[in-house]
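[1] Next input, structure requested:
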Amino acid sequence: QVQLQESGPGLVKPSQTLSLTCTVSGGGFTNYIYFWSWIRQAPGKGLEWMGYIDYTGITRYSPSLKSRTSISRDTSKNQFTLHLNSVTPEDTAVYYCTRGGQYADYVDVWGQGTQVTVSS
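    Model (predicted):
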């Protein structure tokens, strides 16, 4: 059974870089079927897909976040990491790492989510 667990700071200051890591347990991290995405939900708003990394390490990002986002991975640790630069209070949200289809057209495994607040 695959499980995902986010980790990282809960509070980030404006203009800094937010970095969150997702640890994948239960196998399948390099399975070609799956895409590993970051999704967030800001207060009072819907889910927003941010980007994915696939089994080869190829990444794709939401056009609205592309200039500030990168996703990397460490296959030896079964982890993938989100970096979001130049954060503002509008980046305050619950961040989820997920497994599913390309562009999260479906998601079959969710992390529990981690609250990140951007505030000075």
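
[2] Can you tell me how far the nearest residue to residue 71 once chain neighbours are set aside is from residue 102?
    Spatially, and ignoring its direct neighbours in sequence, residue 71 is nearest to residue 53 (4.6 Å; CB to CB, 6 or more residues apart in numbering). Using the backbone N, CA and C atoms, a C-beta is placed for each residue, glycine as well. Distance check for residue 53 against residue 102: by CB to CB, to the nearest Å, it reads 11 Å.

[3] Spell out which residues are contacts of both of those two.
    Contact criterion CB atoms under 8 Å, 6 or more residues apart in numbering; residues shared by residue 53 and residue 102: residue 35.

[4] Compare these two (neighbour count), which wins?
    The neighbour count for residue 53 versus residue 102, taken as other CB atoms under 10 Å, is higher for residue 53 (21 against 12).

[5] Tell me what the residue at minimal distance from the centre of the chain is bridged to.
    Residue closest to the average C-alpha location in the chain (CA atoms, centre = their mean): residue 38, at 2.6 Å. Assessed by DSSP bridges, residue 38 has beta-bridge partners residue 51, residue 97.
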